[in-house]
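A.B. asks: mind looking at a prediction? Sequence and model below.
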Amino acid sequence: MSTSSHAGLRLAGISALALIAASAAPAFAQSADQPAAGEPAADALQKSEEIVVTGTYLGNIRQEDRASPVLAVDAKALQRTGVTSLGDLTRFIPQNVGSAGGMQDLAKGGADTRDTRSVNLRGLGSGSTLVLLNNRRVTPQGGDDFVNLNSLTPDIAINRVETVLDGASSTYGADAVAGVFNVITNTKFEGAKITAQYTGIDKSHSWNVQAMVGIGNDTFHSVTSASYRFTDNLQNDDREVTNFFNPSGAGFPGRFTLLGRPTAAGGGNLVINGNDYTALFDTKAVGGRLTVVDPNCGKAGTNSVYVPATGATFGLGNCAYNFQPKNPIRPESRSINVHNDTTIEIAPDQTIFAEISYYHQDSKRYGVPSYAQNAGNATMPSSNPFNPFGVGAVFFGRAIGEEGFPGGYDYRVMRDTVDQQHYVVGARGKLLADWKYTANVSYSASHTIARDKDTDMNLFQAALNGFGGPNCNYLFNGAGAGAVAGKGNCLYYGPLQSDLSKLDPSLIHNLQTDVYFDYKREYYLAEAVVNGTLATINGHDLAVAVGGQYRREKSSSHYSDLLLNGFAGFLGKRLNTNFTRTVKSAFVEANYEVLDGLNVNVAARYEDYGGFNTTTPKAAVNWRVIDQLSLRGSISRAFQAPTIANGSTALISTGVGSVTDPTKTPVDTTFRTIQTFGNPNLKPQTADVFNIGATVLPMSRARLSLDYWHYKYNNQIQLQSAQAVVNASPNGAAVIRDSSGNIQAVQVTSFNAPSGTATSGLDFAASIGFDLGPVAVTLRDNLTYLLKYDIDIGSTTPGAKSIVYNGVGFRNQFVQSPLSAAAAPRWRSVAGLDLEYGRHTLSGTWRYTSGVVDDQAIALNTSGSGSVIPATATTKIKAFSVFDLQYGLRFGVDDRFDLTVGVINVFNTAPGFARFNGYLPSIADPFGRQVYARVGARF
């Protein structure tokens, strides 16, 4: 039996023991009606009267009365994790797989330049999980295709987080294919509360300072919260697992294509470092040209390695540059978040309400000093005094390498600014009989400005020609008046490593030019819902909710001139875009108790996107067999239209990615420009969702739940893999090459997979609470077991059958894997033990994620015969198993003060090694042991 099988059996055994001991549901993920530990029953009852569980517009509150599984995390459970951002909470939700953003993942993408994090239920993609703030939509963050969880509200304001786990498109709309993540704030708080937390990890730290004030009387109430959060940057060379040799074929030292026969300055053969380059040219040149590596490739301090061509001892081959150490694990960030909820009762049972939130972030990403130069190449003329070859030489590489540039330029610092605002005004109250209404309008907007640097190839060429420096009168069309190459204010730049120390620091002007990306996303919404009893049949009420929503979406992207004109060396040509669309929807939901304890819930939503429209139905049944046992099942159809940009014909984004050129010998792997185009022929994707489960309440303070879930996409919208495009047609129209045959850019687009991802699994949740004398004890576990994760990679031959493989237990970064595919560990579990003794609390949490096969850059077998997954895919990324510990103390009059200390990852467990990244962000983190202290006070 394999080691992984033994590990699975051990985990299954531990979980089974937890089941037997607990026979309950999770304390971490309490259902909405379950009192938190130590919470007075009266307070819990009061709250239950105000709660409407996410996933329905009706008044079913308790999980055992709901046909959809809802995972709820209250404020106390959130504090017990020790995390300082809502985005980090996703690490404690086993059903979340493959969140994007905030951490470097060059293999999969996602913004690592700012503090951002998505939710990704079931690994179906961030766009398939709808994120709500107080049951209302929030715009995705500008520059990202997902809602940034860290921007929603200060953590101190969170009352609970509810996650619907079986899809909710029929209730909330198209984006809720995988489920709903709903952040609900505390609108009833009175008094004042402040908290401050410091978290320290090796070579990095963070602060989170928060405050909340609630004021009001019988008719007016307002709660305002604010937070300031600072997170220090952490670099790859700060961790052993991320500090490895990760080569790029375009570096500094670089390569040179000699345009003629090299000779020494005084005549005769050119000999550098004891090697005769003239003789090499005479024997190896083709068509009067020869490409050689920088003679100092591999020199100490350059973080480069000479990769010789077959049979070569010098000159021929490539110079592999290690970009890994100078890239970050996470950026430095500072953010401010302010949130307010206000209600005014203007008449009995008639209330108007308003919600205002504002978020601002400044971040810095410390990365490699300069990018590779993909957009054409510059030529060093023979007249350049730094040219040792005596003939013109085309430079391939990057302007600045590991050693930086004179004047203290060691990192390329990217600076992002994010501003987000969310406004809601509405009214709610009673109509006739038990009928109620809620109506509101809202505006949600996000604005991101990302500042970076790239090499302006015109300025770079000018410096090679002797017209470098900020004070040289060099114009866009050539030298201006008084400008003479290498004279006065005009300087020469030399691209060889041996010249670095001789260069004037002011030449940085020609090597690094400021660029910006300006992204805006806006939502304008108006919605209304009425609910009540439509009729009473056989003594049971037929409860109905009816509503509608109008949503106008705007998205724009604007870029600096260097990106628009296409002269940037690496970041590629961009086009300004502006997109707008309107979505209209109407929905209805009904619930009827057919027999005592047997509830049937049906819902349907109609949505019109202009070019697309559909109706998504859902039917669900919940049967309370006895007071201690309820059974549930649901089936629904989900619909999702292409994003505004994806459905256009425009160049919608330009990014970068590591691409291997199969036509080169030796292999040439480097980051290339990847241009993403819209596809007006995209069809909407649909998904069939099925869930069946049970909840058992065997005793007081005990709960057990088990659910089987299944999702099946049809016509799933997926994004092409750039490497797959290159491999399929290395010289095709989508692979842009320069005159020397080097890849400059790869064009990709979205497509409809003939079928799509199909995934299924089991969710188990359990908790039991009991007393050991004066000590209150809670055992808890929340576990997901993945049965299937079928990935459709499309057809490699026109008209041929689509190729599908089961990705369970794999990283799912095969060459042909769509970017939407997530790593699919078989097991994920969060289990713990909580103790409470008077004013003292002690919690221990075990987080486990099973390992996966590291298939990064391995090609699938698409021949049509044999196994699709090749036998070479065997290397494992080990499981990530960590323990967290927390102690809390309440003290002072009325326990108004509290002190909490804790450790995340007590044993400083390192993640398993994963190719290209060093670790796999969807499974583990490289932070190591995190020690934190939090103080709080309420008045």
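C.D. replies: Looks like it came in fine. Computed from a prediction, not measured in an experiment: that's the story for all the values here.

A.B. asks: how far away is the closest residue in space to H205 that isn't next to it in sequence from R826?
C.D. replies: Distances taken as C-beta to C-beta, 6 or more residues apart in numbering put D232 closest to H205, at 5.3 Å, once the chain neighbours are dropped. Using the backbone N, CA and C atoms, a C-beta is placed for each residue, glycine as well. Distance, D232 to R826, by C-beta to C-beta, to the nearest Å: 35 Å.

A.B. asks: now P348
C.D. replies: From P348 to R826 the distance is 56 Å (C-beta to C-beta).

A.B. asks: okay, those two: which has more neighbours?
C.D. replies: Comparing P348 with R826 by other C-beta atoms under 10 Å, the one with more neighbours is R826, at 21 against 9.

A.B. asks: I figured the more buried one was touching Y785, is that so?
C.D. replies: Yes - judged on C-beta atoms under 8 Å, R826 makes contact with Y785 at a distance of 6.8 Å.

A.B. asks: name the SS class of L575, please.
C.D. replies: coil (DSSP: H, G, I helix; E, B strand; the rest coil).

A.B. asks: which one is it nearest to, not counting chain neighbours?
C.D. replies: Counting by C-beta to C-beta, 6+ apart, the residue nearest L575 is L651, at 4.7 Å.

A.B. asks: mind pulling up the pLDDT for the one you found?
C.D. replies: L651 carries a pLDDT score of 87 in this model.

A.B. asks: for it, list each beta-bridge partner.
C.D. replies: Following DSSP bridges, L651 is listed with bridge partners F677.

A.B. asks: next, work out how far apart T351 and K436 are.
C.D. replies: Taking C-beta to C-beta, one finds T351 at 11 Å from K436.

A.B. asks: who touches both of these two?
C.D. replies: 428-429 (C-beta atoms under 8 Å, 6 or more residues apart in numbering).

A.B. asks: follow-up on the earlier one: next, give phi and psi for the residue nearest to H205.
C.D. replies: For D232, the backbone dihedrals (degrees, to the nearest 10) come out as phi -80, psi 150.

A.B. asks: shaky segments in the protein?
C.D. replies: Across the chain, the ranges flagged by pLDDT under 70 are 1-53, 59-66, 104-111, 796-799.

A.B. asks: separation between the residue nearest the centre of it and G633?
C.D. replies: Nearest to the mean C-alpha position of the chain, by C-alpha atoms, centre = their mean, lies A100 at 1.0 Å. Here the criterion is C-beta to C-beta. By it, A100 lies 32 Å from G633.

A.B. asks: just L786 next, same as before
C.D. replies: For L786, the distance to G633 (C-beta to C-beta) stands at 20 Å.

A.B. asks: between these two, who's got more neighbours?
C.D. replies: Applying other C-beta under 10 Å to L786 and G633 shows that L786 carries more neighbours, namely 22 against 19.

A.B. asks: which parts of the host helix or strand of that one are buried?
C.D. replies: Assessed by DSSP states H and E, L786 sits inside strand 775-792. Using 16 or more other C-beta atoms under 10 Å as the test for burial, strand 775-792 gives 776-786, 788-792.

A.B. asks: and which of these is nearest to V307?
C.D. replies: I791 (33.4 Å; C-beta to C-beta).

A.B. asks: show the contacting residues for the closest one.
C.D. replies: So I791 contacts 757, 804-807, 812, 817-818, 821 (C-beta under 8 Å, 6+ apart).

A.B. asks: G756 too?
C.D. replies: Contacts of G756 (C-beta under 8 Å, 6+ apart): 685, 687, 712-716, 718, 792.

A.B. asks: next, it: secondary structure please.
C.D. replies: G756, by the three-state scheme (three-state DSSP), is coil.

A.B. asks: how much space is there between it and S817?
C.D. replies: G756 is 13 Å from S817, by C-beta to C-beta.

A.B. asks: L432 too?
C.D. replies: Counting by C-beta to C-beta - L432 and S817 are separated by 56 Å.

A.B. asks: which of these two has more residues huddled nearby?
C.D. replies: Neighbours were tallied for L432 and for S817 using other C-beta under 10 Å; the higher tally belongs to S817 (24 against 7).

A.B. asks: so the more buried one: helix, strand or coil?
C.D. replies: coil.

A.B. asks: tell me the contacts of it?
C.D. replies: Residues in contact with S817, defined by C-beta under 8 Å, 6+ apart, are 721, 791, 793, 807, 855, 860.

A.B. asks: farthest-separated two in the residues you listed?
C.D. replies: S721 and G807 (14.2 Å).

A.B. asks: got a list of what T113 touches?
C.D. replies: Residues in contact with T113 (C-beta under 8 Å, 6+ apart) are 331, 363, 365, 414, 416, 450.

A.B. asks: surely the fifth one and R451 touch.
C.D. replies: Just to be clear, that refers to D416. Yes - in terms of C-beta under 8 Å, D416 counts as a neighbour of R451; the distance is 7.1 Å.

A.B. asks: separation between the residue nearest to D419 when sequence neighbours are not counted and E522?
C.D. replies: Leaving aside its sequence neighbours, D419 sits nearest to H447 (C-beta to C-beta, 6+ apart; 4.7 Å). According to C-beta to C-beta, H447 and E522 sit 9 Å apart.

A.B. asks: so for D416 and R451, which sits in the more crowded spot?
C.D. replies: For D416 versus R451, neighbours defined as other C-beta under 10 Å are more numerous around D416 (23 against 17).

A.B. asks: now do the SS call for that one.
C.D. replies: Look at D416: counting by three-state DSSP, its state is strand.

A.B. asks: which of the three states applies to N510?
C.D. replies: N510 ends up helix, using three-state DSSP.

A.B. asks: report how many residues lie close to it.
C.D. replies: Using other C-beta under 10 Å, N510 has 25 other residues around it.

A.B. asks: skipping its backbone neighbours, what lies nearest T113 in space?
C.D. replies: Looking at T113 with C-beta to C-beta, 6+ apart, the closest residue is R365, at 4.2 Å.

A.B. asks: the one you found reaches V413, doesn't it?
C.D. replies: Yes - using C-beta under 8 Å, R365 is in contact with V413, at 7.0 Å.

A.B. asks: the closest residue to A433 other than its chain neighbours: what's it in contact with?
C.D. replies: Once flanking residues are discounted, A433 sits nearest to G532: 6.5 Å by C-beta to C-beta, 6+ apart. Counting by C-beta under 8 Å, 6+ apart, G532 makes contact with 431-436, 543-544.

A.B. asks: mind doing that once more with 7 Å?
C.D. replies: 433-436, 544 (C-beta atoms under 7 Å, 6 or more residues apart in numbering).

A.B. asks: helix or strand: which one has it?
C.D. replies: Counting by DSSP H and E, G532 is part of strand 513-537.

A.B. asks: could you pull out the helices for the stretch 251-400 of the chain?
C.D. replies: Along the stretch 251-400 of the chain, counting by DSSP state H, counting those that start in this stretch, helices occupy 277-284.

A.B. asks: same question, the stretch 651-800 of the chain
C.D. replies: Using DSSP H, counting those that start in this stretch, helices in the stretch 651-800 of the chain cover 722-728.

A.B. asks: likewise for the stretch 501-650 of the chain?
C.D. replies: Under DSSP H, counting those that start in this stretch, the stretch 501-650 of the chain gives helices at 508-511, 561-565.

A.B. asks: same list (those) but as a markdown table, adding distance to P921.
C.D. replies: Formatted as a markdown table, the helices of the stretch 501-650 of the chain follow (distance: least, C-beta to C-beta, whole Å):
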| stretch | distance to P921 |
| --- | --- |
| helix 508-511 | 31 |
| helix 561-565 | 28 |
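
A.B. asks: what's the closest of those to P247?
C.D. replies: With C-beta to C-beta as the measure, helix 508-511 is the member of these nearest P247 (21.9 Å).
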